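# please find the sequence and the predicted model below.
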Amino acid sequence: MTDAHTAGPFIAAIDQGTTSSRCIVFDKDGRIVSVDQKEHEQIFPKPGWVEHNAIEIWANVQEVVAGAVAKAGITRADVKAIGITNQRETTLLWDRTTGEPVHNAIVWQDTRTDALCRELGRNVGQDRFRRETGLPLASYFAGPKVRWLLDNVEGLRERAERGDILFGTMDSWVIWNLTGGVDGGVHVTDVTNASRTMLMNLHTMAWDDKILTSMEVPAALLPEIRSSSEVYGTAKGGALDGVPVASALGDQQAALFGQTCFSEGEAKSTYGTGTFMLMNTGGTPVNSYNGLLTTVGYRIGDQDPVYALEGSIAVTGSLVQWMRDQMGLIKSAAEIETLALSVEDNGGAYVVPAFSGLFAPYWRSDARGVIAGLTRYVTKAHIARAVLEATAWQTREITDAMTKDSGVELTALKVDGGMTSNNLLMQTLSDVLDAPVVRPMVAETTCLGAAYAAGLAVGFWPDTDALRANWRRAAEWTPRMDADRRQREYKNWLKAVERTMGWIEHEE
Ligand SMILES: Nc1ncnc2c1ncn2[C@@H]1O[C@H](COP(=O)(O)OP(=O)(O)O)[C@@H](O)[C@H]1O
Ligand SMILES: O=P(O)(O)OC[C@H](O)CO
């Protein structure tokens, strides 16, 4: 609720995430005034397939926007802009006349386009995609998902070529609906989301005609690529009717923005369903030779784009969910800390959660999860510890790659996301990285970043210096592990990772 410290005006941010949609209202100091959140169904039609119902998601978005506005006790006149952030790569095609999705959204974790990616690698070549888009050919990205839909939904390709169908990642879907849908909704995406489609040229910031031809995706489907911070249109109807929609950033880029990593070399790591570490590399895209992605960090209005190097880890928080939902070893995510603290160490066990293959730095779709080092001694408490350590060791592999690619040594890591409420995990992270780990006062950095970008677009905040002044440290963990143990356990971890490789034998 509003109080004396949170007098208006405000910015509202919508985060359309993998497991839920939320809306947060922020004041000028970047403090949270109200939050509303709603989970949506995770649909698993086959092993490796993950879908979302986009109609359910849009209904939830409307509900949480109304909820957050009501909880703040404000009216739409108090809200100066709406910012959008979203799970990236999740792909939707819908009919521009009816507004009906032609299929469920295909989620970023979905591996159905594996064979297609291997075929594109053989016919077009890995290097072409890396060079033009900054991304390795992998089922993670949106382009191959679009192609799959066009090839597998009957009659869709003809409708798409006629211009009847629109493509979008979840930012585009939310903005189109928010600004009127079939009644004049704007069809746009921002550079950060577009940089994850595998269809945008990283150097020109435009759709790449040659890649579109190779991927067999008609240009008529595509949204207009805009900056991350500008007014795209105004909300029509709903709790924020008439308010400008003024930012869009993929959620990990939004967290980079919310953590105010505006200078080259500054990095953050977000611990949610997966974990994503991004480092600001300034005005030039840095090529990765160590398994990272080159991506757009953000672009403010007509300023030059800022690039980032990214280490993407597919499974971290979702491993804790798996312990809870599939294994039944804990009743809540938070319980894993108590269970893990009941033992001193992992008892020799290592869990490598290669559920959708391995993302950075390996990009191996043939990997599958393993629990290594099992003996009769190992209890569920040791496994709980190994589950938390898996997140820490996966981060260590990413920070090693970042240092090699950027030449920047890690001096401290800014963290955020749902898993950072786990103290043991944060201590373990600092131990295995051998660096301080720092969490800001507002851990909802994803929404905060979207709010900041929207606020800049409408003059709510004057510049990025004003945003920096809002960043405050809430907690810090420093390394306690001795170097020998760190080295020994890292070696064990890498041995366990090796065991995951080649489990799936691809039928050529
Ligand atoms: N105390 C905790 N310890 C470990 N993991 C946690 C804890 N609390 C939440 N999580 C994990 O964090 C994730 C939720 O974080 P959140 O940032 O909301 O994720 P997302 O934005 O990806 O949906 C879930 O996967 C959950 O299992
Ligand atoms: O919705 P999240 O927080 O799981 O983030 C998902 C990422 O954007 C996928 O690239």
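Ah, there it is. Ligands and ions are numbered 1, 2, ... in the order given.
# give me the neighbour count for residue 343.
Residue 343 is surrounded by 16 other residues when neighbours are defined as other C-beta atoms under 10 Å. To be clear about C-beta, it is placed using only N, CA and C from the backbone, and glycine gets the same treatment.
# for it, which residues are in contact?
For residue 343, the contact set (C-beta atoms under 8 Å, 6 or more residues apart in numbering) comprises 379, 381, 382, 385.
# helix/strand/coil for the last one?
At residue 385 the chain is in helix, as set by DSSP: H, G, I helix; E, B strand; the rest coil.
# was I right to think it contacts residue 342?
No - using C-beta atoms under 8 Å as the test, residue 385 is too far from residue 342 to be in contact (9.1 Å).
# give me the more crowded residue out of the two.
residue 385 (26 against 13).
# contact partners for that one?
Applying C-beta under 8 Å, 6+ apart, we find residue 385 in contact with 340, 343, 345, 346, 347, 349.
# for ligand 2, state which of these is nearest.
residue 340 (22.4 Å; C-beta to the nearest ligand atom).
# so what pLDDT did residue 6 get?
The per-residue pLDDT reported for residue 6 equals 60.
# wait, is residue 22 part of a strand?
Yes - with three-state DSSP as the criterion, residue 22 is located in a strand.
# show me what contacts it?
Residues counted as contacts of residue 22 (C-beta under 8 Å, 6+ apart) are 14, 15, 35, 36, 37, 38, 64, 68, 447.
# which residue, other than its chain neighbours, is closest to it?
Counting by C-beta to C-beta, 6 or more residues apart in numbering, residue 37 is the residue found nearest to residue 22 once chain neighbours are left out, at 3.8 Å.
# remind me what the helix or strand that that neighbour is a member of packs against, helices and strands.
Assigned by DSSP states H and E, residue 37 falls within strand 32-39. Contact here means 3 or more C-beta pairs under 8 Å, 6 or more residues apart in numbering; DSSP states H and E; on that basis strand 32-39 packs against strand 20-26, helix 54-72.
# sec struct for residue 41, please.
Here residue 41 is recorded as coil under three-state DSSP.
# so for it, what's the pLDDT?
What the model reports for residue 41 is a pLDDT of 93.
# count the neighbours of it for me.
Using other C-beta under 10 Å, residue 41 is surrounded by 12 other residues.
# residue contacts, it?
52, 53, 56.
# state the distance from it to ligand 1.
Noted for residue 41: a distance of 14 Å to ligand 1, by C-beta to the nearest ligand atom, to the nearest Å.
# residue 151 touches residue 145, doesn't it?
No - when contacts are counted by C-beta under 8 Å, residue 151 is not listed as touching residue 145 (10.8 Å).
# beyond the lowest-mean-pLDDT helix or strand in the chain, next helix or strand please.
The helix or strand of the chain with the lowest confidence, counting by mean pLDDT, DSSP states H and E, is helix 126-133 at a mean of 85. If you walk from helix 126-133 toward the C-terminus, the next helix or strand you reach (DSSP H and E) is helix 142-152.
# which of the contacts of residue 343 has the most neighbours?
When neighbours are counted as other C-beta under 10 Å, the busiest of the contacts of residue 343 turns out to be residue 385, with 26 neighbours.
# any idea how far it lies from residue 346?
Here the distance between residue 385 and residue 346 works out to 5 Å (C-beta to C-beta, to the nearest Å).
# residues touching the residue in the chain sticking out farthest from the centre, list them.
Within the chain, the residue lying farthest from the chain centre (C-alpha atoms, centre = their mean) is residue 376, at 38.1 Å. By C-beta under 8 Å, 6+ apart, residue 376 lies in contact with nothing.
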